[in-house]
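A.B. asks: Below: sequence and its predicted model.
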Amino acid sequence: MITAAPTASLLWAKQIIEKLGVFKTETLEAWFNYFSTGDAEQFFILMQSLPQGE
C-alpha cells in the first residue's frame, strides 16, 4: 500500500512516476515544476523535453 498526505500528492505522484520509469529524468523534472508552480514557461520546457514523433 502506498499513501501520501493530502498536501504531498504531487510529490507522491512524482515518486511513483519515477519508480515506474514513465518519463526520462528531464521530462519528470519539467512535469513536476509545471504542476507545482503553474508557470506557463515550465509547460513549454515540459513539451520540449518530450520525445519527438518520427
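C.D. replies: Perfect, thanks for sending it. Treat the numbers as computed from the prediction; the structure is a model and nothing was measured.
A.B. asks: Contacts only, for the nearest residue to D39 once chain neighbours are set aside.
C.D. replies: In space, and not counting its chain neighbours, D39 is closest to N33: 7.4 Å by Cβ to Cβ, 6 or more residues apart in numbering. Where C-beta positions appear, they are placed from N, C-alpha and C, glycine not excepted. By Cβ atoms under 8 Å, 6 or more residues apart in numbering, the contact set of N33 is D39, Q42, I45, L46.
A.B. asks: Wait, L46 touches T27, no?
C.D. replies: Yes. Contact criterion Cβ atoms under 8 Å: L46 and T27 qualify, at 6.9 Å.
A.B. asks: and the helix-or-strand element of the chain with minimal mean pLDDT, how far from the chain's centre?
C.D. replies: Least confident helix or strand, the chain: helix 9-20 with a mean of 92, by mean pLDDT, DSSP states H and E. Offset of helix 9-20 from its chain centre (Cα atoms, centre = their mean, to the nearest Å): 8 Å.
A.B. asks: same question, stretch 18-32
C.D. replies: That offset, for stretch 18-32, works out to 5 Å (Cα atoms, centre = their mean).
A.B. asks: Buried residues of that stretch, list them for me.
C.D. replies: F23, T27, L28, E29, A30, W31, F32 (16 or more other Cβ atoms under 10 Å).
A.B. asks: Just say helix, strand or coil for the first one.
C.D. replies: For F23, the reduced secondary structure class is coil; criterion used: DSSP: H, G, I helix; E, B strand; the rest coil.
A.B. asks: do the same with the fifth one
C.D. replies: Assigned by three-state DSSP, the conformation of A30 is helix.
A.B. asks: Spatially central, which residue of this structure would that be?
C.D. replies: With distances taken as Cα atoms, centre = their mean, W31 lies nearest the centre of the chain, 3.0 Å away.
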